[in-house]
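Chemist: would you be able to build a 3D model of this:
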Amino acid sequence: MRAAVCRVPHEPLTIESVDIDRPMAREALVRTAASGVCHSDLHFVEGLYPIAAPAILGHEAAGVVEEVGEFVTYVQGKGGVATVIPFGTKIELDGWAFLQGARTIRGSSMGSNRFRVDMPRYIDFYLQGRLKLDEMITRAGRLEDVNEAFRAMKAGEVARTVLLFG
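Modeler: Predicted structure coming up:
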């Protein structure tokens, strides 16, 4: 498989062939069809977020499930749709201000999305023309355009670039 690899912060990503292992017990192997280019990934490229390099960035990927591990029960293999969920970022709190009153820290992934319920609804809304996703895409490109996509995003020339694989 080909991937955009971040080897060193502040340097362009390189397009390389990478080997992907078969999925472990609780994993799914997804053939990526498209991926959004986002500011979180730009922060890794710019060295603002720490990263163990080399790394393949991207958490806005969508594709087709090719294979699943033995304990995967929800996505059953070929034809399933999957997305990659990003890992968290560090936050900083002013301890004194936080302790002044009853406050709670509660984690949220994707806005506390109920993935199995919400994603099919979003897909239906899109197919009905009620969710205007296409209008949110400023530019489309190929994997090889990843560095230009980051440059254009940083320059404010685009809102969202989607890279198509194929």
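Chemist: how near is the most centrally placed residue in the chain to Glu157?
Modeler: Central residue of the chain (CA atoms, centre = their mean): His59, 1.3 Å from the mean position. Look at His59 and Glu157: by CB to CB, to the nearest Å, they are 22 Å apart. Where C-beta positions appear, they are placed from N, C-alpha and C, glycine not excepted.
Chemist: next: Glu66.
Modeler: In terms of CB to CB, Glu66 sits 35 Å off from Glu157.
Chemist: neighbour count winner among these two?
Modeler: A direct count of neighbours by other CB atoms under 10 Å for Glu66 and Glu157 places Glu66 higher, at 17 against 11.
Chemist: in this structure the more buried one contacts Ala33, no?
Modeler: No - using CB atoms under 8 Å, Glu66 makes no contact with Ala33, being 11.4 Å away.
Chemist: which residue ranges of this protein form helices?
Modeler: 39-45, 95-99, 115-127, 146-154 (DSSP state H).
Chemist: looking at those helices, which one has the lowest mean pLDDT?
Modeler: The stretch with the lowest mean pLDDT among these is helix 95-99, at a mean of 68.
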